[in-house]
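Peer 1: A predicted structure for the sequence below; I have some questions about it.
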Amino acid sequence: MKVAAIQLEIKDNESKQQRMHHVDAMLEQLKDYDLVILPEIWATGYFSFDKYVEEAEELDGSFVQHYMKKAKELNLMLFAGSFVEREGNQFFNTSVLFSNEGEILDTYRKIHLFRYGSKEGEILTRGDKISVVDTKFGKIGLSTCYDMRFPELYRKQVDLGAEIFLVTAAWPHRRIIHWDTLNVARALENQCYVISCNCVGDHRGSFFGGHSQVVDPWGTVLAKVGDSETILKTEIDLSVIEETRERFPNLKHRVL
Ligand SMILES: NC(=O)CCC(=O)C(=O)O
């Protein structure tokens, strides 16, 4: 399974349309990939809290319609990262997984909203549904950034059959050691692949840390990129999930 993560630089002087245009050009390079993942609230810019309401869209709005078409056109499964979703008078940090046929496989509204130096928790409403979706590549669990600090979410995803965790993020450079550690921890404790995608760049005075990565179910980092804009490209072997779980069956040894 060929996977790619578009580690996007968020530039303050770019508009949502410009960022989408830039991402679309990067997607064109990934036509023979099976799965592509994008970061958190990348089109608006995670720290552009003043634009959240103005740029929010409904689930059938133009952002989702656009990436639905792109997934089909490029014949790839696309985890389009998250965007600010409006439903009635509520707003959510919502990510969408599209099939290569352009269907919405699942959506996920971030459950753990970030409140440390972030207005996310003031503006948005938290999600309350755990997302694990059956795909042609196995069962995939969806999550967003700060969620990584809450192991119980991933354990619940495993209980629902998850084999691969997709994590969309806007994680700062100053806590990048936590990010690296959590990517490995979530993979090895749950014997799942972690495929994560972070932003980079100096956005409204905060530096995003990059380090988008792919970690296998044994906790080995198969691929990791640095802290500048790039596309992480790698291949994963899905048989490693079952093989790891059989060889070292810690998931079966749970007591609690
Ligand atoms: N976007 C986020 O959720 C940031 C999370 C973060 O910076 C942290 O957990 O540390």
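Peer 2: Thanks, I have the structure now. Fair warning: this is a prediction, and the values are worked out from it, not measured in the lab.

Peer 1: and the stretch 101-250 of the chain, which residues reach the ligand?
Peer 2: By Cβ under 6 Å from any ligand atom, the residues of the stretch 101-250 of the chain that approach the ligand are Phe114, Cys145, Tyr146, Arg149, Ala170, Trp171, Pro172, Arg175, His178. C-beta: built from backbone N, CA, C; applies to glycine.

Peer 1: Which of these sits closest to Thr220?
Peer 2: Taking Cβ to Cβ as the measure, Thr220 lies nearest His178 of those, at 19.3 Å.

Peer 1: Tell me how far Ile123 lies from Thr44.
Peer 2: Separation of Ile123 from Thr44 (Cβ to Cβ, to the nearest Å): 11 Å.

Peer 1: Which neighbours do these two have in common?
Peer 2: Contact criterion Cβ atoms under 8 Å, 6 or more residues apart in numbering; residues shared by Ile123 and Thr44: Tyr52.

Peer 1: Identify the single longest strand in the protein, thanks.
Peer 2: Secondary structure of the chain per DSSP state E: the longest strand is strand 77-87.

Peer 1: Can you spell out which helices and strands pack onto that one?
Peer 2: strand 35-37, helix 52-55, helix 62-74, strand 90-98, strand 164-168 (3 or more Cβ pairs under 8 Å, 6 or more residues apart in numbering; DSSP states H and E).

Peer 1: What residues of it count as buried?
Peer 2: Neighbour counts over strand 77-87 (16 or more other Cβ atoms under 10 Å) mark Met77, Leu78, Phe79, Ala80, Gly81, Ser82, Phe83, Val84, Glu85, Arg86 as buried.

Peer 1: which one is the fourth one nearest to, not counting chain neighbours?
Peer 2: Closest residue in space to Ala80, ignoring its immediate chain neighbours: Tyr67 at 4.2 Å, by Cβ to Cβ, 6 or more residues apart in numbering.

Peer 1: same for the longest helix along the chain, what does it pack against?
Peer 2: If you go by DSSP state H, the chain has its longest helix at helix 176-190. With contacts defined as 3+ Cβ pairs under 8 Å, 6+ apart, the packing partners of helix 176-190 are helix 151-159, strand 164-168, strand 193-197, strand 213-215, strand 221-224.

Peer 1: what comes into contact with the last one?
Peer 2: Applying Cβ under 8 Å, 6+ apart, the external contacts of strand 221-224 come out as 180, 183-184, 211-216, 232-234, 236.

Peer 1: same thing with the first one?
Peer 2: Residues from elsewhere that reach helix 151-159, judged by Cβ under 8 Å, 6+ apart: 111-112, 130, 132, 141, 143, 147, 162, 165, 185-186, 189-192, 251.
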